[in-house]
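Novice: the following block contains a protein sequence and its predicted model.
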Amino acid sequence: MKQKAKILILDDDNYVLLSLRILIEQHYTDVRGINNPAQLETALQENDFDVVVLDMNFMAGDTSGRDGLKYLRQIKEANPKTSVLLLTAYAEIDLAVEAMRLGAFDFLVKPWENEKLLASIKTAFELNASARKIEQLESGKSVLLQELNAPFHNIIGDSPAIKQVFRQIDKVAKTKANVLITGENGTGKELVARAIHNASDRASEIFLNVDMGAISESLFESELFGHKKGAFTDARNDRMGKFEAANGGTLFLDEIGNLSLPLQAKLLRVIQEQKVTRVGENKSTDLDIRLICATNAQLEDMVKAEEFRQDLLFRINTIEIQLPPLRERTEDIPLLANHFLESYKQKYKKTGLYVPDYVINRLIKYDWPGNIRELQHAIERAVIMCDGKQLQVSDFNLKETNEAESGTLNSFNLDDLEKWAIESAIKKHQGNISHAAQELGLSRGALYRRMEKHGI
Ligand SMILES: Nc1ncnc2c1ncn2[C@@H]1O[C@H](COP(=O)(O)OP(=O)(O)OP(=O)(O)O)[C@@H](O)[C@H]1O
């Protein structure tokens, strides 16, 4: 099968031009020949050639090669990645040296040997193709990084607890210290890890997230350290592991508490030695990695129970950042709720929606076992379910956790009883205030006043 490539031949001798074309067309899809250098400029403007085969001498009797050097410059200026192969009737060392200096790929003397010429075009083409591939990957990488570092990943909150986390991120980001982030599920551990990376001098490098809970025991080494082709039955190709892939950047090991003891030992060795060896290979690769780990487990308790290696804990927790659960920073709930509301309003094209204060108060009272992730999903659900412009408590489908929700009240205080009755009625009528007021024997206005009094 012919190789897909754009190749230009420039020679004023029509016989040479024809025989080169017949030869090259057997192997490449798009071959063009011109015999007049005046057409070169237009040809370069209209095409991105992979390879140009260029004659050095155009005026009859001229052996200086000056013309060839001039056109070589023109081709390289139009596209520095085009590989140029020079053909000359005279083997002149000085000329060849000058041509190479100007960026020619190869220099062949006429009459050429077909095999040699084709081999040279093949190498030139392959070199060019890999340069283009690298360029494409580099630009792909920078687009991805821009996306990952986008403001969407900003951490919302102004409670004293989250401000303390901001200060810790600031201090630790510029260092290379290993960081352990602890906190319940959904408290924003990954978000904080990304924020540390984005504020570090590795921000333009990769941030690689590995969920340790999702890697099977048998594939652990191959996934993390890579393998050599043939190292085990399924190793059909050489493969780079996550450590090597994150080299120069930040490696985020999530759910580190889920690792078994034997795997902890393997991980510890790599972190200690700062070197990684692919499975089935002898030579190792030096690592320069910023390590951030996260867990929702109490690693110190696990150490006491001999479920987690103390030496590994010491390696990964140079700095520890504890993320408090959302119920301990309820000041952030209105900010977070409105932040998520804005993005889901846009996503579901429901402009004009808002959360009234009594609903916000209800959100503040809920204890959010799934933390910010649960709040985010609850807002998304409410935006989808909401009929009017105002989100209702019933749109949130909160799990029953407090007294009003569980239907029991261990108090005979009249104020508490009134509050309980109001909350229960609103719940029964799924947030419909008119119906709840009717049930309670109150006017809507009276109910609103009492809701305000009780902070509902
Ligand atoms: N302070 C915050 N501001 C805005 N969004 C947040 C905040 N904290 C968490 N989130 C959002 O909540 C969701 C859960 O956050 P994240 O995945 O970082 O939590 P986690 O602690 O790593 O969870 P898990 O332990 O389950 O892996 C994400 O969509 C994240 O963007």
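Specialist: Arrived safely, thanks for sending.

Novice: I figured Y366 hits L398, correct?
Specialist: Yes. Using CB atoms under 8 Å, Y366 is in contact with L398, at 5.2 Å. Just so you know, the C-beta spots here come from the backbone N, C-alpha and C atoms, and that holds for glycine as well.

Novice: L191: what secondary structure?
Specialist: Per DSSP: H, G, I helix; E, B strand; the rest coil, the local secondary structure of L191 is helix.

Novice: can you read off the pLDDT for it?
Specialist: pLDDT, L191: 93.

Novice: I'd say it and G157 touch.
Specialist: No. Assessed by CB under 8 Å, L191 is found out of contact with G157, at 10.5 Å.

Novice: these two - which one has more neighbours?
Specialist: G157 (21 against 15; other CB atoms under 10 Å).

Novice: give me the neighbour count for whichever residue of the chain sits closest to the ligand.
Specialist: Closest to the ligand within the chain is G188: 2.7 Å, counting by CB to the nearest ligand atom. Around G188 there are 22 other residues, counting by other CB under 10 Å.

Novice: check contacts around the residue nearest to S222 when sequence neighbours are not counted.
Specialist: Spatial nearest neighbour of S222, excluding adjacent residues (CB to CB, 6 or more residues apart in numbering): V279 at 5.5 Å. Contact partners of V279, counting by CB atoms under 8 Å, 6 or more residues apart in numbering, are E221, S222, F225, G226, H227, K228, A231, F232, A235.

Novice: change it to 6 Å
Specialist: Shown in contact with V279 (CB atoms under 6 Å, 6 or more residues apart in numbering): E221, S222, H227, A231.

Novice: could you export those residues as CSV, including distance to E115, pLDDT and secondary structure?
Specialist: Listed next are those as CSV, based on distance: CB to CB, whole Å; pLDDT from 0 to 100; DSSP: H, G, I helix; E, B strand; the rest coil:
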residue, distance to E115, pLDDT, secondary structure
E221, 46, 89, helix
S222, 42, 90, helix
H227, 38, 90, strand
A231, 38, 78, coil
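
Novice: now do the strands in this structure.
Specialist: Taking DSSP state E as the test, the strands found in the chain are 3-10, 28-34, 51-55, 83-88, 106-109, 179-182, 207-211, 226-227, 239-240, 250-254, 275-277, 284-286, 290-295, 319-322.

Novice: JSON lines for the ones you listed, including distance to E307 and mean neighbour count?
Specialist: Below are the strands of the chain laid out as JSON lines (distance: least, CB to CB, whole Å; neighbours: other CB atoms under 10 Å):
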{"stretch": "strand 3-10", "distance to E307": "57", "mean neighbour count": "20"}
{"stretch": "strand 28-34", "distance to E307": "61", "mean neighbour count": "17"}
{"stretch": "strand 51-55", "distance to E307": "62", "mean neighbour count": "27"}
{"stretch": "strand 83-88", "distance to E307": "59", "mean neighbour count": "23"}
{"stretch": "strand 106-109", "distance to E307": "63", "mean neighbour count": "19"}
{"stretch": "strand 179-182", "distance to E307": "16", "mean neighbour count": "24"}
{"stretch": "strand 207-211", "distance to E307": "19", "mean neighbour count": "18"}
{"stretch": "strand 226-227", "distance to E307": "28", "mean neighbour count": "23"}
{"stretch": "strand 239-240", "distance to E307": "30", "mean neighbour count": "16"}
{"stretch": "strand 250-254", "distance to E307": "17", "mean neighbour count": "23"}
{"stretch": "strand 275-277", "distance to E307": "25", "mean neighbour count": "18"}
{"stretch": "strand 284-286", "distance to E307": "29", "mean neighbour count": "13"}
{"stretch": "strand 290-295", "distance to E307": "12", "mean neighbour count": "26"}
{"stretch": "strand 319-322", "distance to E307": "18", "mean neighbour count": "16"}
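
Novice: to A129, which of those strands lies closest?
Specialist: Proximity of the strands of the chain to A129 was assessed by CB to CB; the nearest stretch is strand 3-10, lying at 8.1 Å.

Novice: now do the closest one: everything it contacts.
Specialist: Taking CB under 6 Å, 6+ apart as the rule, strand 3-10 contacts 17, 20, 24, 28-34, 47, 49-54, 125.

Novice: work out the gap between it and the centre of the chain.
Specialist: Distance of strand 3-10 from the chain centroid (CA atoms, centre = their mean, to the nearest Å) equals 37 Å.
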